[in-house]
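>>> task: produce atomic coordinates for the following.
(one chain, ligands or ions: 1)
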Amino acid sequence: IGILDITAELLDRNPNKDSGSVDMDDGQGDKAELAEQSLLNKLIHRSLVINQNQVEVMQADPSSPLFSVKTFEELRLKPELLEGVYSMGFNRPSRIQESALPLMLAQPLQNLIAQSQSGTGKTAAFCLAMLSHVNPANQWTQCLCVAPTYELALQTGQVIEQMGKFCPDVKLAYAVRGTKAVRGSRLQEHIVVGTPGTVLDWCTKYKMIDPKKISIFVLDEADVMINMQGHRDQSIRIHRQLSEDCQMLLFSATFEDSVLQFAKRVVPDPNIIKLKREEETLDTIKQFYVVCSGKEDKFNSLCNLYGCLTIAQTVIFCHTRKMASWLAASLTTEGHQVALLSGEMMVDQRAAVIERFRNGKEKVLVSTNVCSRGIDVAQVTLVVNFDLPVNMKGDADNETYLHRIGRSGRFGKRGFAVNMVDSEEDMVVLKQIEEHFGRKITKLDTSELEQMEMLLK
Ligand SMILES: *[C@@H]1O[C@H](CO)[C@@H](O)[C@H](O)[C@H]1NC(C)=O
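Okay, the predicted model is just below:
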């Protein structure tokens, strides 16, 4: 018996970090950060993101007919599985599922590489494929799914449990750290979800799974996976033991060259499905800046702004945790209902805060940089950069700026962005942002109420 201890990345957060430390992602792909981001996205994208973008399908065999479905009925699922799908609130296949599901369920089995951002229905699609494929009468593991972290594996497992809740004969096991492994005793669970290290151990060291009997292998979050060196190698080692006719399904939110190369190595003869990402733009956003003299002055300007704008919801970004806490406390004192989001919070806490804010429980959300990517709230009217986004060198972080302020072109509502500037350096950064996006950022004097009201109309 061995207690396996793998992928502790998410537990590795250092709670003793100075609370004044800069809470930013250095863009160099802090590995744990990537996995966390994925998890956060999964937690907050329980319902599907609307995406009308074109799906691009490249078939392994271009001469075979290309099916796509508009309803789940067309897939001829087992009735109890169909019931599970509907019970989760999925009424129609998502954009990517329309093409992916017929491919994944086709006989003979076909391989698939699919790329789309989170919230587009990938997880539900491969969970459905595994559940549909299992033959409960065969008491061995038939489907194997690997994810980069413990939390992500649990998340996927929960989808399988929910979707399969009317299929009581189908059993699921988690191959994650802390699960007891018994050498030589074959698992009877039909589906195993886990992290690469534990799954590999269960296949090789403990022989609890016979890899030759696996008929579907799912590799989820490939882009996160290949950035974790150990995981990448372990995935390849698991893959090597599978039989040749095992169906390989690989999913990724992004599709850089490195991901595609890895994918093609693991997935022979693939069908490839890509869903274009919604582009963010500044088209519908009016941008302003306010010249201030320190944080108290910034705070007063913020309160003035509130005085003359009818604001549904606001997100305010700060550079450090300390500043964010101070600001949240000051706003609370002024009588605002404020939520605070910062990097030392666990991912599920962050997801809970975002969820509450989305549901309108708070009108103001104060956040540090690391959290900006999780926030995607259509009803936000005002985004305030209490501190401008800069990189380590102090240059304008244009990408983060767009991410904080921008909206997806088609569905985005109109909004305002206000940048607080309190030094020469800030002015330089502001000019860089103007230059980068080729858009003027208008000066706003928050003590001139009439002028403000005109500009903010
Ligand atoms: C952002 O854009 C400006 C203007 O193009 C540029 O000077 C600056 O270096 C960019 N920032 C980064 C981090 O690349």
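
>>> excluding sequence neighbours, find me the nearest residue to residue 319.
Among residues not flanking residue 319 along the chain, residue 387 sits closest, at 3.8 Å (Cβ to Cβ, 6 or more residues apart in numbering). No exception for glycine: its C-beta is placed from N, CA and C like everyone else's.

>>> surely residue 433 touches residue 441?
Yes - look at residue 433 against residue 441 with Cβ atoms under 8 Å: they come within range, at 7.0 Å.

>>> give me the neighbour count for the closest residue to the ligand within the chain.
Going by Cβ to the nearest ligand atom, the ligand is nearest to residue 436 of the chain, at 3.4 Å. Residues lying near residue 436 (other Cβ atoms under 10 Å) number 13.

>>> and it, what's its pLDDT?
For residue 436, the pLDDT comes out at 96.

>>> can you pull the contacts of the nearest residue to residue 184 once chain neighbours are set aside?
Spatially, and ignoring its direct neighbours in sequence, residue 184 is nearest to residue 207 (5.6 Å; Cβ to Cβ, 6+ apart). By Cβ atoms under 8 Å, 6 or more residues apart in numbering, residue 207 lies in contact with 183, 184, 186.

>>> hang on, the earlier thing: let me see the contact set for the residue of the chain closest to the ligand.
Residue 436 is in contact with 396, 398, 401, counting by Cβ under 8 Å, 6+ apart.

>>> swap in residue 161?
residue 172.

>>> hang on, it in a helix?
Yes - counting by DSSP: H, G, I helix; E, B strand; the rest coil, residue 161 falls inside a helix.

>>> quick one: the residue nearest to residue 184 from residue 241, how far?
Using Cβ to Cβ, to the nearest Å, one gets 11 Å for the distance from residue 207 to residue 241.

>>> show me the shaky parts of the stretch 1-150 of the chain.
1-32, 43-53 (pLDDT under 70).

>>> which residues of it fall in strands?
2-3, 55-58, 112-115, 143-146 (DSSP state E, counting those that start in this stretch).

>>> mind putting the ones you listed in TSV, mean neighbour count included?
Shown next, in TSV, are these (neighbours: other Cβ atoms under 10 Å):
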stretch	mean neighbour count
strand 2-3	10
strand 55-58	15
strand 112-115	26
strand 143-146	28
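
>>> so which of those strands is nearest residue 419?
strand 112-115 (33.9 Å; Cβ to Cβ).

>>> how about that closest one as PDB, C-alpha atoms only?
Backbone C-alpha positions of strand 112-115 (Å, rounded to 0.1, in the frame of the first residue of the first chain) are rendered in PDB as follows:
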ATOM      1  CA  LEU A 112      -9.200  13.800 -32.000                       C
ATOM      2  CA  ILE A 113      -7.300  17.000 -31.100                       C
ATOM      3  CA  ALA A 114      -9.500  19.800 -30.000                       C
ATOM      4  CA  GLN A 115      -8.700  23.400 -29.100                       C
END
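
>>> what sits against the residue nearest to residue 319?
317, 318, 319, 320, 323, 420.

>>> these: which two are farthest apart?
Among the contacts of residue 387, 320 and 420 lie farthest apart (Cβ to Cβ), at 14.2 Å.

>>> how about low-confidence regions in the stretch 301-450 of the chain?
For the stretch 301-450 of the chain, the stretches with pLDDT under 70 are 308-310, 370-379, 408-413.

>>> how about residue 184, secondary structure?
Applying three-state DSSP: residue 184 is coil.

>>> isn't residue 121 up against residue 96?
Yes - using Cβ under 8 Å, residue 121 is in contact with residue 96, at 5.6 Å.

>>> residue 245 falls within a helix, correct?
No - assignment of residue 245 by three-state DSSP gives coil, placing it outside any helix.

>>> give me the phi and psi for it.
Backbone torsions of residue 245, given as degrees, to the nearest 10, read phi -90, psi 10.

>>> residues contacting it?
By Cβ under 8 Å, 6+ apart, the residues touching residue 245 are 109, 215.

>>> residue 235 now?
Contacts here follow Cβ under 8 Å, 6+ apart; on that basis residue 235 touches 146, 196, 219, 225, 266.

>>> tell me which two of these sit farthest apart.
Top of the distance list for the contacts of residue 235 (Cβ to Cβ): 196 and 266, 11.8 Å.

>>> give me the more crowded residue out of those two.
A direct count of neighbours by other Cβ under 10 Å for residue 196 and residue 266 places residue 196 higher, at 27 against 23.

>>> that one against residue 238, yeah?
Yes - with contact defined as Cβ under 8 Å, residue 196 counts as touching residue 238 (6.5 Å).

>>> got any residues that touch both of the two?
residue 146.

>>> sorry, back to before: helix, strand, or coil at the residue of the chain closest to the ligand?
helix.

>>> now it: how far from residue 383?
From residue 436 to residue 383 the distance is 17 Å (Cβ to Cβ).

>>> one more: residue 102?
Taken as Cβ to Cβ, the span from residue 102 to residue 383 is 41 Å.

>>> more neighbours: these two, which one.
residue 383 (26 against 18).

>>> quick one: name whatever helix or strand follows the helix or strand harbouring the more buried one.
Assessed by DSSP states H and E, residue 383 sits inside strand 382-385. Counting by DSSP H and E, the next helix or strand C-terminal to strand 382-385 is helix 398-405.

>>> flag every buried residue along that next one.
Of the residues in helix 398-405, 398, 400, 401, 402, 403, 404, 405 count as buried by neighbour count, 16 or more other Cβ atoms under 10 Å.

>>> with stretch 314-329 instead?
314-325, 327-328.

>>> swap in stretch 124-143?
Counting neighbours by 16+ other Cβ under 10 Å, the buried set in stretch 124-143 is 124-134, 141-143.
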